[in-house]
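[1] Turn this into a model:
(one chain, ligands or ions: 1)
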Amino acid sequence: MKSFFTAGDLFEDWRDEIESGKPPTLYRCGTGDFEKIELGPGRVMLIGGAPGAGKTAFVMQCVVDALRIDPTLRACVLNVEMAPGVLLDRQLARLSGVDATLIRQRKLETIHADRIDQAFSTLESIGERLAFVRPPYSLENLANAADEFESGLLVLDYIQRIEAPGDHADNRGSVNASMNFLRQFADNGQAVIVVSAVGRTKDSKGRSSYSGEGLNLASFRESSELEFGCDDAYILVPIDEDTVKLGHHKSRHGEQRDISLSFAKSIQRFTPESAPSIPGSKPRTPIESLWNRPKPAKGSV
Ligand SMILES: Nc1ncnc2c1ncn2[C@@H]1O[C@H](COP(=O)(O)OP(=O)(O)OP(=O)(O)O)[C@@H](O)[C@H]1O
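    Presented below is the predicted three-dimensional model:
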């Protein structure tokens, strides 16, 4: 076999594909601004953020909602830090709107019953299409699980703690090797979400911190292959107690689009700030603006 092929060799298939008008498959992770997230076969999405920024909560929301929206999708989650039951507790809180602490402490009361039942049945409806990888937490084990489970979406939470095949001089070598393999998984039709730790940077006062202003593509730990290998890179940055920015630091296939989200931690739920209006509903007018509005002149309608 020759070590190259020409554009001419590709031409017919490529042209047919263009003319078919069939867009590439993308999995929707929610509504509103969540639709800006391009996750699909062949794509690797990287998401970083300081400890506790909400990376796991965000990724699990995307996965559960993608499974709810697309009934043919199957997902495999490898989470090194949190047991599957804890991940499900948090999704139960999000879907029911019942405080995650009450759920964690198993202190539910009758007033919660309806919402909890509804959330249980939502989670049950996707249960057979969501798999959690058992230890050992290695890439090899993830690949085996993905094949056995026939998944289309893989989640690695988080990459610095997942063992790559082969011997590596250091963690950097191992993360670089993992990213190379993950690109191959994507080229084989998987959608891949990679959660990554970030390193501290200097803030505006020269202090070492995780402050959002300093976090960028180079902040992903053991970074080089991570930033080059992914298609999209996001960093989740807290703005205030209940708002976060999902900074879009790399977009291989389109424009970079940051997303503002509110993060209700007690129920582990992210909501786009620019939520779509419900058809037929009127936007609420702030009472203050009515109060300050000039009074209509007498006799005018
Ligand atoms: N019951 C709760 N009530 C309020 N806040 C909570 C509750 N449970 C978790 N949290 C907060 O929600 C956030 C969850 O973040 P998550 O575990 O998704 O972060 P992460 O970025 O994945 O963190 P890490 O890097 O430590 O894995 C944390 O800030 C945590 O303090």
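[2] Work out for me the element the residue most central in space within the chain sits within.
    In the chain, the centroid-proximal residue (C-alpha atoms, centre = their mean) is Val59; its distance is 3.5 Å. Using DSSP states H and E, Val59 sits within helix 55-69.
[3] Could you export that helix as PDB, keeping only the C-alpha atoms?
    Taking Å, rounded to 0.1, in the frame of the first residue of the first chain, the C-alpha atoms of helix 55-69 are listed here in PDB:
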ATOM      1  CA  LYS A  55     -16.700  19.900  36.700                       C
ATOM      2  CA  THR A  56     -18.200  16.600  37.700                       C
ATOM      3  CA  ALA A  57     -21.600  18.100  38.300                       C
ATOM      4  CA  PHE A  58     -21.600  19.800  34.900                       C
ATOM      5  CA  VAL A  59     -20.400  16.700  33.000                       C
ATOM      6  CA  MET A  60     -22.900  14.400  34.600                       C
ATOM      7  CA  GLN A  61     -25.700  16.800  33.800                       C
ATOM      8  CA  CYS A  62     -24.600  16.900  30.200                       C
ATOM      9  CA  VAL A  63     -24.400  13.100  30.000                       C
ATOM     10  CA  VAL A  64     -27.700  12.400  31.700                       C
ATOM     11  CA  ASP A  65     -29.500  15.000  29.600                       C
ATOM     12  CA  ALA A  66     -27.800  13.800  26.400                       C
ATOM     13  CA  LEU A  67     -29.100  10.300  27.200                       C
ATOM     14  CA  ARG A  68     -32.600  11.600  27.900                       C
ATOM     15  CA  ILE A  69     -32.700  13.500  24.600                       C
END
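[4] buried residues in the helix or strand following that helix?
    Next along the chain after helix 55-69, taking DSSP H and E as the criterion, comes strand 75-79. For strand 75-79, the neighbour count (16 or more other C-beta atoms under 10 Å) marks 75-79 as buried. In this view, the C-beta of every residue, glycine as well, is placed from N, C-alpha and C.
[5] Next, the contact list for the residue of the stretch 101-250 of the chain found nearest the ligand, please.
    Using C-beta to the nearest ligand atom, the point where the stretch 101-250 of the chain gets nearest to the ligand is Thr101, with a distance of 4.0 Å. When contacts are counted by C-beta atoms under 8 Å, 6 or more residues apart in numbering, Thr101 is found next to Ser266.
[6] per-residue confidence for it?
    Listed pLDDT for Thr101 reads 96.
[7] Could you tell me whether it really is in a helix?
    Yes: counting by DSSP: H, G, I helix; E, B strand; the rest coil, Thr101 is part of a helix.
[8] Was I right to think the residue nearest to the centre of the chain contacts Val194?
    No: counting by C-beta atoms under 8 Å, Val194 is not a contact partner of Val59; they are 9.5 Å apart.
[9] so what sits against both of these two?
    Both Val59 and Val194 are contacted by Ile47, under the criterion C-beta under 8 Å, 6+ apart.
[10] ok, now how distant is Pro135 from Leu78?
    Per C-beta to C-beta, to the nearest Å, Pro135 is found 9 Å from Leu78.
[11] what's the answer for Glu255, then?
    Following C-beta to C-beta, the distance that separates Glu255 from Leu78 is 31 Å.
[12] tell me which residues in the longest helix belonging to the chain are buried?
    For the chain, the helix with the greatest residue count under DSSP state H is helix 171-187. For helix 171-187, burial by neighbour count (16+ other C-beta under 10 Å) applies to 174-179, 181-183, 185-186.
[13] Quick check: Glu19 vs Ala7, distance?
    17 Å.
[14] still on that earlier bit, who touches both of Pro135 and Leu78?
    Counting by C-beta under 8 Å, 6+ apart, the shared contacts of Pro135 and Leu78 are Asn141.
[15] Which element, helix or strand, includes Asn141?
    helix 139-149.
[16] which other helices and strands contact that helix?
    With contacts taken as 3 or more C-beta pairs under 8 Å, 6 or more residues apart in numbering; DSSP states H and E, helix 139-149 sits against strand 75-79, strand 153-157, helix 171-187.
[17] Would you mind giving the ones you listed as a markdown table with mean pLDDT and distance to the ligand added?
    Compiled in a markdown table, the helices and strands packed on helix 139-149 are given as follows (pLDDT from 0 to 100; distance: least, C-beta to the nearest ligand atom, whole Å):
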| stretch | mean pLDDT | distance to the ligand |
| --- | --- | --- |
| strand 75-79 | 97 | 9 |
| strand 153-157 | 97 | 7 |
| helix 171-187 | 89 | 16 |
